[in-house]
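**Student:** Sharing a model prediction with you, sequence too.
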Amino acid sequence: MKKHILIALLFSLNFVTFAQNKAVKLFPQYGQGFLALYRNLDLNIAYWTVDIAIRTWENDSVFNDKVIDKFTLTETDYMKVPEEYLDTNSSYVFTVKGYKSSGEKVITDGPNGLGGLITTCPGCDPWPNVCKKKCNGKTYAWQINQLKDPNNSASKFDLGTAFQTWYPQTCTGVPYYQYMNYNDFMQIQTTYYSAYYNILDWGPGYSPAVITIPNDYPQHVYYNAVGGAITTGLIYGVQKYLGNWKGDYIETPILQTGSICSYQTQYFIDLMNGYANVSTHHKFDGTLMPELSCNGTTGDLPHPHLSDIMIEIKDVINITGNISIDSIIHCLESDAIQSGLLGGFWPEYITGLSVGRLDKKMAPVTLLASDLFGPDGEYLNPNFTLEPGLYSLGLVIDDGSYLPIYREFKEKVSFSRNQSEFLNASISPVPIEEDNFNLHMEANATLSFEYILYDFSGNIIYKNNFIIPHYQKRDFVVIPKGNIPSGMLLNKFIFEDGSQIILK
């Protein structure tokens, strides 16, 4: 009798644990180290505590969690988790608790894993994950993990949600998204779909699970869940979760399988249905789950630019100081991809930018590469300002991929650039040996500017006006009327917006 009571209790605990992430909006291992929380106004949450514990295992099923760090959040609903706790080789977990101003605890979320893809414990297992099989379904995405005993051929398998790509070096998770138009987006927000997609808030830009993409059709065609092309209006993307397999924690008993990662995904599906008895588990609404299946694609899809982008932005992501949005995109300019740049500013494989805010609601800002330059190559200088807070900067890739970058701005920042930033100019030879020299200019937008040459006393010895079309190079020989005096010369470029470049 006691055994049956214990089993029933474990079932109940598992159902509660896996039913819903009640407070965590963004996990730090996928959000460049940022933990974002959902402040449910109905609960009158006044502040949060975040406990970080290290998990040690007595054996394969018994563990202890020792709290080693604690944070209290009063004015914000997010924090940057210290980098040492995000080590994929360590067993750190965190628990979030929300309190009223009276000190009454009203919500607990966790413990959740910090280092790896498995985010919800008891899935935080001591055995390493040696193999994973993914399914990108039409409305869901799951991943079967093979957890293997490092000392023998024993393995067990569990089911978790899947990311399209995960870069542990930068703590960046690229989700699978289900795309739809506005009407479909509003329609799926029904009673059970919040749990089906594991979404705490449906506000585009406010939730990392809901994104918006400018529809630049037909440059890239986005399809909805039934295969229809979305050709009009703003595109909504909803992060895929476990769908009808969200609810009970699904895990097989220990099996003697050895190394089987070369086997097809269907073998793993059959293994889960046969040994974990998936259809006997309860999903989020209390009904039984269907047998595990996949109505989409399996395996990883190639995304040739994502790795390059993550390498380029790694240093920028790790900067703790305040940087602007255009600096993040501008950092993609490198020698390796110089030939692919649009104007030395926006790589040609990035078709758009979608900006949202995670700590407060705001209407998402979307920007296409075509919004930067007019038909004649002139820079249009789109200008918007962001207040201090935690933001999601989504890069839209030309193959349809969406790369979320999370950034805290501690000061007000503006997206704006001067015309002078689109001209690269150089003088040769240096030092000048005769009474003329070469002026080399490269324009990354159509530019009109005045060029003035001064001697060391500030006297004008030469001036000229230039108009250079976008993406053009010009070599011009500067020949003043008189001799070029010895000493330091000053070259000034004055643009229509008042910005300047000064070369000495």
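**Tutor:** It's in. All values derive from a computational prediction rather than experimental measurement.

**Student:** Let me know the pLDDT of Lys70.
**Tutor:** The pLDDT attached to Lys70 in the predicted structure is 96.

**Student:** which non-adjacent residue is nearest it?
**Tutor:** When the adjacent residues along the chain are set aside, Lys70 lies closest to Asp51, with 5.3 Å between them (CB to CB, 6 or more residues apart in numbering). Heads up, the C-betas are built off the backbone N, CA and C, glycines and all.

**Student:** show me where this structure has helices.
**Tutor:** Ranges of helices within the chain are 2-19, 182-187, 193-196, 265-275, 304-317, 325-330, based on DSSP state H.

**Student:** what about Leu353, how many neighbours?
**Tutor:** Using other CB atoms under 10 Å, Leu353 has 26 neighbouring residues.

**Student:** Any idea what it is bridged to?
**Tutor:** When bridges are called by DSSP bridges, Leu353 pairs up with Leu367, Leu395.

**Student:** is it true that it touches Pro364?
**Tutor:** No. With contact defined as CB atoms under 8 Å, Leu353 and Pro364 do not form a contacting pair (10.4 Å).

**Student:** follow-up on the earlier one: for the residue nearest to Lys70, which residues are in contact?
**Tutor:** Shown here is Asp51, whose contacts under the criterion CB atoms under 8 Å, 6 or more residues apart in numbering are 67, 69-70, 94-95, 97.

**Student:** Which pLDDT value belongs to it?
**Tutor:** You'll see Asp51 listed with a pLDDT of 96.

**Student:** From Val96, how far out is it?
**Tutor:** 8 Å (CB to CB, to the nearest Å).

**Student:** same question, Glu84
**Tutor:** To Val96, Glu84 is 19 Å away according to CB to CB.

**Student:** Glu104 too?
**Tutor:** Distance, Glu104 to Val96, using CB to CB: 16 Å.

**Student:** higher neighbour count, the two?
**Tutor:** The neighbour comparison of Glu104 against Val96 (other CB under 10 Å) goes to Val96, with 23 against 11.

**Student:** hang on, that one packs against Thr49?
**Tutor:** Yes. With contact defined as CB under 8 Å, Val96 and Thr49 form a contacting pair (7.4 Å).

**Student:** which ones are touching the closest residue to Leu37 other than its chain neighbours?
**Tutor:** In space, not counting the residues next to it along the chain, Leu37 is nearest to Asp77; the distance is 4.5 Å by CB to CB, 6+ apart. By CB under 8 Å, 6+ apart, the contact set of Asp77 is 25, 36-39, 48, 359.

**Student:** Return the item of those residues having minimum pLDDT.
**Tutor:** Taken together, the contacts of Asp77 show their lowest pLDDT at Arg39, with 85.

**Student:** wait, what's in contact with that residue?
**Tutor:** For Arg39, the contacting residues are 45, 77, 98, taking CB under 8 Å, 6+ apart as the criterion.

**Student:** hmm, 6 Å instead?
**Tutor:** Contacts were defined as CB atoms under 6 Å, 6 or more residues apart in numbering; by that measure Arg39 touches 45, 77.

**Student:** Check the gap between it and Tyr223 for me.
**Tutor:** For Arg39, the distance to Tyr223 under the criterion CB to CB works out to 35 Å.

**Student:** For Tyr379, see how far away the residue nearest to Pro382 when sequence neighbours are not counted is.
**Tutor:** Here the nearest residue to Pro382 in space, its sequence neighbours aside, is Asp371; by CB to CB, 6+ apart that works out to 5.5 Å. The gap separating Asp371 from Tyr379 is 11 Å, by CB to CB.

**Student:** Run a quick neighbour tally on Lys133.
**Tutor:** One way to gauge burial is a neighbour count; for Lys133, by other CB under 10 Å, it gives 24.

**Student:** of Asp371 and Tyr379, who's got more company?
**Tutor:** Set Asp371 next to Tyr379 and count neighbours by other CB under 10 Å: Tyr379 wins out with 21 against 13.

**Student:** Bridged to the more buried one, which residues?
**Tutor:** Note on Tyr379: beta-bridge partners by DSSP bridges are Phe373.

**Student:** count of neighbours near Ser91?
**Tutor:** By the other CB under 10 Å criterion, the neighbourhood of Ser91 contains 19 residues.

**Student:** got the contact list for it?
**Tutor:** In this structure, Ser91 makes contact with Arg55, judged by CB under 6 Å, 6+ apart.

**Student:** follow-up on the earlier one: mean pLDDT lowest where, among the helices of the chain?
**Tutor:** Looking across these, the weakest by mean pLDDT turns out to be helix 2-19, at a mean of 29.

**Student:** Now do the strands in the stretch 301-450 of the chain.
**Tutor:** Counting by DSSP state E, counting those that start in this stretch, the stretch 301-450 of the chain has strands at residues 341-342, 346-347, 350-357, 365-368, 384-386, 389-397, 402-409, 413-415, 423-428, 437-443, 447-454.

**Student:** and the angle from the longest one to strand 402-409?
**Tutor:** Counting by axes from the mean of the first three to the mean of the last three CA atoms, to 10 degrees, strand 389-397 points 150 degrees away from the direction of strand 402-409.

**Student:** same thing with the last one?
**Tutor:** Here strand 447-454 points in a direction 50 degrees away from that of strand 402-409 (the same axes, to 10 degrees).

**Student:** Ok, the third one next?
**Tutor:** Note on geometry: by the same axes, to 10 degrees, strand 350-357 and strand 402-409 are set 50 degrees apart in direction.

**Student:** residues contacting the residue nearest in space to the middle of the chain?
**Tutor:** Taking CA atoms, centre = their mean as the criterion, Pro404 is the residue nearest the geometric centre of the chain, at 2.1 Å. With contacts taken as CB under 6 Å, 6+ apart, Pro404 has the following neighbours: 392, 394.

**Student:** sorry, back to before: which single one of the contacts of Asp77 is nearest to Lys410?
**Tutor:** Within those, the smallest distance to Lys410 is 12.4 Å, found for Asp359 (CB to CB).

**Student:** Is the closest one in contact with Leu73, as I believe?
**Tutor:** No. Contact between Asp359 and Leu73 fails when scored by CB atoms under 6 Å: they sit 10.5 Å apart.

**Student:** Comparing those two, which residue is more hemmed in?
**Tutor:** Residue environment comparison for Asp359 versus Leu73 gives the larger neighbour count to Asp359, 20 against 17, counting by other CB under 10 Å.

**Student:** per-residue pLDDT, Val62?
**Tutor:** pLDDT for Val62: 79.

**Student:** what's the spacing between Ala225 and Gln266?
**Tutor:** 22 Å.

**Student:** okay, the two: which has more neighbours?
**Tutor:** The residue with more neighbours, out of Ala225 and Gln266 and counting by other CB under 10 Å, is Ala225; that gives 18 against 12.

**Student:** right, and the more buried one touches Lys138 too?
**Tutor:** Yes. Under the criterion of CB under 6 Å, Ala225 is in contact with Lys138, at a separation of 4.4 Å.

**Student:** any low-confidence regions in the stretch 351-500 of the chain?
**Tutor:** Under the criterion pLDDT under 70, the flagged ranges of the stretch 351-500 of the chain are 369.

**Student:** What residues does Gln419 make contact with?
**Tutor:** By CB under 6 Å, 6+ apart, the contact set of Gln419 is 495, 497, 499.

**Student:** Quick check: closest non-adjacent residue to the first one.
**Tutor:** Sequence neighbours aside, Gln419 is the residue nearest to Phe495 in space, at 4.0 Å (criterion: CB to CB, 6+ apart).

**Student:** just to revisit the earlier point, give me the buried entries from the contacts of Gln419.
**Tutor:** With neighbours counted by 16 or more other CB atoms under 10 Å, the contacts of Gln419 contain buried members at 495, 499.

**Student:** Fine by me, thanks again.
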